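Asker: Give me coordinates for this.
(chains A and B)
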Amino acid sequence: MAIQFENFSYAYPNSGIVLDDITLTIPRGSFSVITGPSSAGKTSLALAIAGVVPHYFGGRQAGTVRVGNVVTAQSNMGELAEQVGTVLADYESQLVALTVAEEVAFGLETSGLNRSQIAELVSQALAMVGLTGLEEREVAALSGGQKQRLAIAAVLVTEPEILVLDEPASALDPEGAAGIYELLYNLNCQGKTIVVVEHQLERVLPYASQVMVLQAGCLKFAGSLKQTLAFMWQQPDLKLGVPPLWAVKLTLEEQTGLVFEGWKTAEQAASELNKLLPTCEEGVAKSA
Amino acid sequence: MPDILLDMKKVMFAYNSGGQALAGVDFAVEAGAFAAIVGRNGSGKTTLTRMAMSLIKPASGTISFGGQDTAKLTPADMARSIGYVFQNPDRQIFRDTVAKEVAYGPEQLAFTPEEINQSVAWALRVTGLTELAGSFPRLLSRGQKQKVAIASAIAMRPKMLILDEPTSGQDPWDAQNLMELLTELNQQGITILLVTHDMELIAKYVDRVTVLDSGNKVFDGKPSELFNGNHTINAWGLLPPTTVALGRQLAGITADNAEELIKQVTTVINRRKEDHA
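Answerer: Presented below is the predicted three-dimensional model:
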C-alpha cells in the first residue's frame, strides 16, 4: 500500500509548524529515504506515517496522511501498527522487556499464536538481525548497536508491510550499518515498503529508489536518487549532504562534460571510469 | 619527537560477564595529536578511553599521563587533565543555563571566581555559544547540546579531549561544524582523541589512527596507511571511505583523497578528449 501525504502540515503542542504543506507519495514497495539538515522535520514526517504524529503527541495538523486507504488521523496507533512497523531514533525507549527473546516475543503475545510458534518466529527475527545466541541475554547488558538491532527484530517479527526506521544505523559500526541496510534491502526485495530517515546517504546509495529532502519543514525535492542528489548538489546549503562518491561523480561531470551512470558503489564507479582511463599497457606504450 | 601525553602499557581488562575487553594493549597519544580509535562495536574502544579517565582501572598494566602514573588518581583528578564528551550529551548536562553548566567543572576544581569567568567566557566563545549563555540547555538542538558538553569540558582547561562517537546520529552539516571546532581546539594546543566509526572523518581530519579488534591493537599509524590496501581492514569491521576505495580501483590513479582523485581523472580524460579531437 502506498503512503500519501496531501497538503499535510503539523505543529507539536506549543511548537511552531514543523511540517509545512507536504504533498508526497511514497510508492508501495519502494525503498524511500528521508534526508535533510537538523530540524528539517524528518522525524516528524516518519512518525506521521505510523500515526504517532498526531495521535501520541497531540498538536495541530492540516491535510491528510493515507496509508493505503486508511486516513491516519481517523485510525489509531494500534491499528496502524499492524501495517506500519516503526523503529525510533531513540531505539532504547522502545525496548520494554527483560531479555532479548522476551523483547521480540512481546509484540506477538496477543497474536493468538502458541508458544512454540512464537519461539520459532522470535528465533527467525533474531537470526535476521544477527542476534542469534543472545536470546537469554538481558537487554540492559547489550551494546548500543545490539539494542538497535534488537529494536528492529522486535518490529520485524510482527511482519508489517511498511517499515519506518529513523536512523537505523546510528549506533552501528560500518560493518553493522552495512549489514542492517542489506537486511532492509532484502526485505524490500520481498515486497516490503521501506522508509528510512538517514543523514549518511552513502549508506543507501545501492538501495534507495526514492529520496526526499526536507529543509525547515518544507519538502524541497522528491525524486530518484540520481535526481535528488543532482538537486542537492546545486543548492549551496544542501550540497554537503551529497555523499563523497557522488561529490566526485558530479564534480567530474562538471569538469569533463561527460555524464556518468548512477554510481551505487565504488566498484560500479570504478568500472565505468576505467573504460575512460588508459590501461596499464597503453600507459606504458605512451611513455615509451 | 613530540612528548607522549597519554601512555598506556600492556593494559588488560575483563568484564565480570566474561569476555576480555582488552588483552594487554600498548596505546600512546602524543601531545598535540589529533588521534582516533576505531574498531567494531565491542572491540574495546570505550573500555580504553574509560581507563584513560581512571573511570575503570586496568587489571594489569600501567597508565601515565604527562609522565605521572595515574594508578592512584580518581576520575575527578583526571578531569583536570582530560575532558570527556559522551556520545549522548543529555547524559552530562544538568544545570539550568548554558553558562552555569559550563562553569560547573571549573567550580569543582576550585578555580578562583576570576579564573572561572575567564574560562567560561573563553569556552563559550570558542564553541560559538556566547549568545546562548543564558539559555536552558535542554531546549537546545542536539548539535548545540554537544557544544555545551565540549565547552564544559574545555572550561576546565584540560590538556586532552576525548570524544566518544561525537558525530553519530548527526547530519553532515553538524558533523562538519563539530570537526572544524575540534580542529580549532587542536590548533590551540589541545590533544584530541576521537572514538568513531566514521572513516570519512578519519581520512579527512585525523593524523593518527589506532584500530582495536577483539581487545587487541591491530593497527597504529596514519589514516592514509590504514587505507592503502595493504591491511585486512574488512576483517576488523572497517570499510575504507568510498572515495579511497574508488581511487584504489582506478588504473594509473594514485590518489588517496577526493580532490587529488578528481584532479588526476579530469586531467587524463580531458587529455584523451584532446588527443581524439
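Asker: can we go C-alpha only for contacts and neighbour counts from here?
Answerer: Will do.
Asker: Output the longest helix belonging to the chain.
Answerer: Here I'm looking at chain A. helix A:174-189 (DSSP state H).
Asker: The intended chain is chain B.
Answerer: Per DSSP H, chain B has its longest helix at helix B:258-276.
Asker: what packs against it?
Answerer: With contacts taken as 3 or more Cα pairs under 8 Å, 6 or more residues apart in numbering or on different chains; DSSP states H and E, helix B:258-276 sits against helix A:244-256, helix B:242-248.
Asker: What's the separation between B:A203 and chain A?
Answerer: 12 Å (Cα to the nearest Cα, to the nearest Å).
Asker: surely that residue meets B:P223?
Answerer: Yes: contact criterion Cα atoms under 8 Å: B:A203 and B:P223 qualify, at 5.7 Å.
Asker: which residues do those two both contact?
Answerer: The contact sets of B:A203 and B:P223 do not overlap (Cα atoms under 8 Å, 6 or more residues apart in numbering or on different chains).
Asker: Helices of the stretch 51-200 of chain A, residue ranges please.
Answerer: A:52-55, A:77-81, A:100-106, A:115-128, A:144-156, A:174-189 (DSSP state H, counting those that start in this stretch).
Asker: now chain B
Answerer: With helices called from DSSP H, chain B shows them at B:45-52, B:75-79, B:98-108, B:113-126, B:142-154, B:172-187, B:199-205, B:223-226, B:242-248, B:258-276.
Asker: For the fourth one, buried residues please.
Answerer: In this case it means helix B:113-126. B:I116, B:N117, B:S119, B:V120, B:A121, B:W122, B:A123, B:L124, B:V126 (16 or more other Cα atoms under 10 Å in any protein chain shown).
Asker: Next, format those as CSV and append pLDDT and distance to chain A.
Answerer: Below are the buried residues of helix B:113-126 laid out as CSV (pLDDT from 0 to 100; distance: Cα to the nearest Cα, whole Å):
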residue, pLDDT, distance to chain A
B:I116, 96, 32
B:N117, 95, 32
B:S119, 95, 29
B:V120, 96, 27
B:A121, 96, 27
B:W122, 95, 27
B:A123, 95, 24
B:L124, 96, 22
B:V126, 92, 22
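Asker: Dump these into JSON lines; add distance to A:V197 as well.
Answerer: Converted to JSON lines, the buried residues of helix B:113-126 look like this (distance: Cα to Cα, whole Å):
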{"residue": "B:I116", "distance to A:V197": "41"}
{"residue": "B:N117", "distance to A:V197": "41"}
{"residue": "B:S119", "distance to A:V197": "39"}
{"residue": "B:V120", "distance to A:V197": "36"}
{"residue": "B:A121", "distance to A:V197": "37"}
{"residue": "B:W122", "distance to A:V197": "36"}
{"residue": "B:A123", "distance to A:V197": "33"}
{"residue": "B:L124", "distance to A:V197": "32"}
{"residue": "B:V126", "distance to A:V197": "31"}
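Asker: For B:I150, state which of those residues is nearest.
Answerer: Proximity of those to B:I150 (Cα to Cα) peaks at B:A123, which lies at 8.3 Å.
Asker: for that closest one, what are its contacts?
Answerer: B:V102, B:A151, B:S152, B:I154, B:A155.
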